[in-house]
Every structure is written in structure tokens, then in C-alpha cells.
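Undergrad: Sequence and predicted model, in that order:
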Amino acid sequence: MHNTLPAPPFKGMGKLIHIVAWGILFGLPFFFTGRESQTVTVISYVRSVIVPLSFMLVFYANYFLLIDHFLFTKHTWKFFLSNIVLIAAAMGGVHLMFELLPHPEWTHPRPEKEIQEIIGFFIVNAMLYLLVAGLSVAIKMTGSWYQTETARRELEKSRAEAELQNLKSQLNPHFLFNTLNNIYSLIAFSPERAQEAVHDLSRLLRYVLYESSQPVVPLEKELDFIRNYVELMRIRLPEHARLTTAISSVNPSTPVAPLLFISLIENAFKHGVSNNKPSFIDLDIHQEGERIICSIRNSYFPKDTNQDKSGSGIGLQNLRRRLELLYPNRHIFSCKAEDDNYHSLLELQASPLIDQ
């Protein structure tokens, strides 16, 4: 069983997106030059990247520090206060840098700005820094949601796989228990046939213990297992019991989850055969397009739960749960008694949706 998790956001392709985005931002001065000059000088370029650098500072201070320490820990007021201080420091630093750096030669002196214009300038810039901080929060929270959702799905998958393994571990001894009961009944009146049955049982157990450990098996292997099991059960049927089988596959390599049909077949032999009354079992397994259909009709002689020691009911409950896990919304399963008859129907899509 091999599970692979998708790569977390901003690793791999995410890092490349960050690099490209900032690269474009820092490369803009080479595409938009001054009105009176067609070249970018060192001084003009340094002045043009001061603001993007401050944006980067605000973005990654939030992305790597403030969001994790304050926002995700529900200290919202500390988060906002830290951003106010951070943005004010960034704006002050940008203003100081502009004052310290010499003006490009092509820049003409500008008249002193009025106080209203200065306030408006700082408000606009503050809004830009808030936008950068908000973008950092949005990206960080999206990445966090993605990782949480991935972890949740992986946890659900792990639980489903663990439950499947548990169900299969229940199925193996359940199958062995029922088969040994049948062989035991042979010993009293036909030791030779019981000996042959033990040999046949060894082949069945080889499939149960080794082949069925795979997530899926070729349909023909599963059908061979069923044919062998049916023949093992046939030798102990009384003369008044009629058994008919029609087991075939259109595409023998069709993948199917192992040991899904055996519980229905066991159930038919357990409740469909009487020791002193006419009985019948009609077993039909075939393919129709992408569907695998198992239909079993049998006479119905329900066992007394106080006297039945074969574990009746465990197999069908196990089967229902395995179908829910392996073929969600891709199966039809029904069992119903009609007068003195019983009909079981199981239809599957060609392949299961979950790896065991």
C-alpha cells in the first residue's frame, strides 16, 4: 500500500510563482523609463525598487511571522497592531531612503507639497501596504486550508484502509470456520471424501492467504476460486438438493476486489440447503459491459440463532462495509427473502475506487 500526498502549496511550483511575481515587479523600471530619459541609471533604479522592497518586507513579515504567531493563534488585535507598526516603519523607511538618495539628473525640483497632498500621499500608500498585507493573509490561509484539507483526506483514507484490513482479517478466519464445519460433517459418513476436501481446502486457503492480499485480482482468478469452493461444497449436498452454476467472464483480466462474492455464496449454502426437504441453489456470475453481476437464488431455511455456531450474519455485515469503502456509489447490493426463497444480488463496477 503506497500513499502519496500532493506537494504543499508554495513548494516547487509555488516558489517559482513567487520568484516570477517579484521578478516582474523589480523588472518594471526597465520597461517604464522617465519621460525625459530612455535609460535607467543605477540611482534611478535603486529609487524605483525601494517601494517594491518595502512591499516584500511587509508581505513576508506577515507570511512567515505575524500570521502564524498572531492571526492563527487568535490574537487578532496583536496582528493588526503589529501590521500598523510594520507599515508605519516601512513607509517611514521609504521616505527616509528617498530623502537620503540623490535625485536622478533628469528629475527637476518640484515645489513644496501642501499638507493635504502629503496626507493624501501617505493614505494612498498606507492602503497599498494594507493590500499587500491582505494578499499575504489570503495566500497563507489558502495554503493552510489546502494542507489541512489534504491531511484530513489522508486521515480519512488511512482510517478506511485500516478498516478494510480489519475486515479482511475477519473474513479469512470466518471463511475457514465455515469450510471446516462442512468438512467436519463429511468425516462421519465419508472419510475419503473428507480427505479430498481437505486437499481442496488447501488450494482455497492458498488463494485466501496470498492472492487475496492484493488490492485487486483478475476476475478470472476470483471466479476460479469460487468454482473450487462450489465444488468443495457440492460433495456434501444431499441428493434432494439441486445446485446450478453459471460462472463466466467476458474479460478475464478485469480487476476486482477479492473475496466479495464468497460471503453471499457461503450464505446460500448455509441457509439454502435442508437435510430433509427439497432444496436448490442457483448461482450466476457474469459480466455485462463494465458491470460484474452476481445473482444467487436459493431455497430458504434460516438457522436458529441459538443453535447456529457458524458465525451467521458476520459475513454479510462485513460485505456491506467493504462495499461502502471499496465501491462507494459504484455498487448495488440487495438481499431479500421471498416466501420460501432467498435472492441475493450484487452488481459492481469494473474496478474499485480505493487502494487497499
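TA: Looks like it came in fine. All figures in this text were calculated on a predicted structure; none of them were measured in a lab. Numbers count the residues shown, from 1 in each chain.

Undergrad: Can you name the next helix or strand after the helix or strand of the chain with the lowest mean pLDDT?
TA: Using mean pLDDT, DSSP states H and E, helix 13-27 stands out as the lowest-scoring helix or strand of the chain, at a mean of 66. Note on helix 13-27: by DSSP states H and E, the next helix or strand toward the C-terminus is helix 42-61.

Undergrad: Could you check that following helix and say which residues are buried?
TA: Within helix 42-61, the residues that count as buried by 16 or more other C-beta atoms under 10 Å are 44, 47-51, 53-59, 61. (Each C-beta comes from the backbone N, C-alpha and C, glycine too.)

Undergrad: again, but for stretch 266-279
TA: So for stretch 266-279, counting by 16+ other C-beta under 10 Å, buried means 266-273, 279.

Undergrad: Surely W77 is in a helix?
TA: Yes: counting by DSSP: H, G, I helix; E, B strand; the rest coil, W77 falls inside a helix.

Undergrad: quick one on the thing from earlier: can you lay out the buried residues of helix 42-61 as a markdown table showing pLDDT and distance to I84?
TA: Shown next, in a markdown table, are the buried residues of helix 42-61 (pLDDT from 0 to 100; distance: C-beta to C-beta, whole Å):
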| residue | pLDDT | distance to I84 |
| --- | --- | --- |
| S44 | 68 | 31 |
| R47 | 74 | 26 |
| S48 | 74 | 26 |
| V49 | 78 | 24 |
| I50 | 83 | 21 |
| V51 | 82 | 19 |
| L53 | 86 | 20 |
| S54 | 87 | 15 |
| F55 | 87 | 16 |
| M56 | 86 | 19 |
| L57 | 89 | 15 |
| V58 | 89 | 11 |
| F59 | 90 | 16 |
| A61 | 90 | 13 |
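
Undergrad: Columns distance to F177 and secondary structure on top of the buried residues of stretch 266-279, output as JSON lines?
TA: JSON lines is the format used below for these (distance: C-beta to C-beta, whole Å; DSSP: H, G, I helix; E, B strand; the rest coil):
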{"residue": "E266", "distance to F177": "10", "secondary structure": "helix"}
{"residue": "N267", "distance to F177": "14", "secondary structure": "helix"}
{"residue": "A268", "distance to F177": "17", "secondary structure": "helix"}
{"residue": "F269", "distance to F177": "13", "secondary structure": "helix"}
{"residue": "K270", "distance to F177": "11", "secondary structure": "helix"}
{"residue": "H271", "distance to F177": "16", "secondary structure": "helix"}
{"residue": "G272", "distance to F177": "18", "secondary structure": "helix"}
{"residue": "V273", "distance to F177": "18", "secondary structure": "coil"}
{"residue": "S279", "distance to F177": "22", "secondary structure": "strand"}
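
Undergrad: any idea of the mean pLDDT in stretch 210-225?
TA: What stretch 210-225 shows for mean pLDDT is 86.

Undergrad: again, but for stretch 348-356
TA: For stretch 348-356, the mean pLDDT works out to 62.

Undergrad: do the same with stretch 148-167
TA: What stretch 148-167 shows for mean pLDDT is 66.

Undergrad: burial of Y229, as a residue count?
TA: Y229 has 23 neighbours, counted by other C-beta atoms under 10 Å.

Undergrad: cool, the one 5 residues further on as well?
TA: With neighbours defined by other C-beta under 10 Å, the count for R234 comes to 13.

Undergrad: didn't it look like it was pressed against L243?
TA: Yes: using C-beta atoms under 8 Å, R234 makes contact with L243 at a distance of 5.9 Å.

Undergrad: Can you verify P258 is assigned to a helix?
TA: No: under the criterion used here (three-state DSSP), P258 is coil, not part of a helix.

Undergrad: and it, how many residues sit next to it?
TA: 22.

Undergrad: do the one 3 residues further on as well
TA: In terms of burial, F261 registers 24 neighbours under the definition other C-beta under 10 Å.

Undergrad: just checking, it touches L346?
TA: Yes: in this structure, F261 is within contact of L346 by C-beta under 8 Å, at 6.7 Å.

Undergrad: what do those two both touch?
TA: By C-beta atoms under 8 Å, 6 or more residues apart in numbering, F261 and L346 have these common neighbours: C294.

Undergrad: Work out for me the element I123 sits within.
TA: Using DSSP H and E, I123 falls in helix 115-187.

Undergrad: Does anything pack onto the next helix or strand after that helix? Which helices or strands?
TA: Where DSSP H and E defines the elements, the next helix or strand beyond helix 115-187 is helix 191-209. Packing partners of helix 191-209 (3 or more C-beta pairs under 8 Å, 6 or more residues apart in numbering; DSSP states H and E): helix 115-187, helix 219-234.

Undergrad: roughly how far is the helix or strand following the shortest one from the heart of the chain?
TA: Translated: helix 219-234. Reading on from helix 219-234 to the C-terminus, the next helix or strand found by DSSP H and E is strand 241-247. Remark: strand 241-247 is offset 40 Å from the chain centroid, using C-alpha atoms, centre = their mean, to the nearest Å.

Undergrad: Name the helix or strand for L96, please.
TA: In this assignment (DSSP H and E), L96 forms part of helix 76-100.

Undergrad: That helix packs against which elements?
TA: Secondary-structure packing of helix 76-100 (3+ C-beta pairs under 8 Å, 6+ apart): helix 42-61, helix 115-187.

Undergrad: now the angle from that helix to helix 42-61?
TA: 170 degrees (axes from the mean of the first three to the mean of the last three C-alpha atoms, to 10 degrees).
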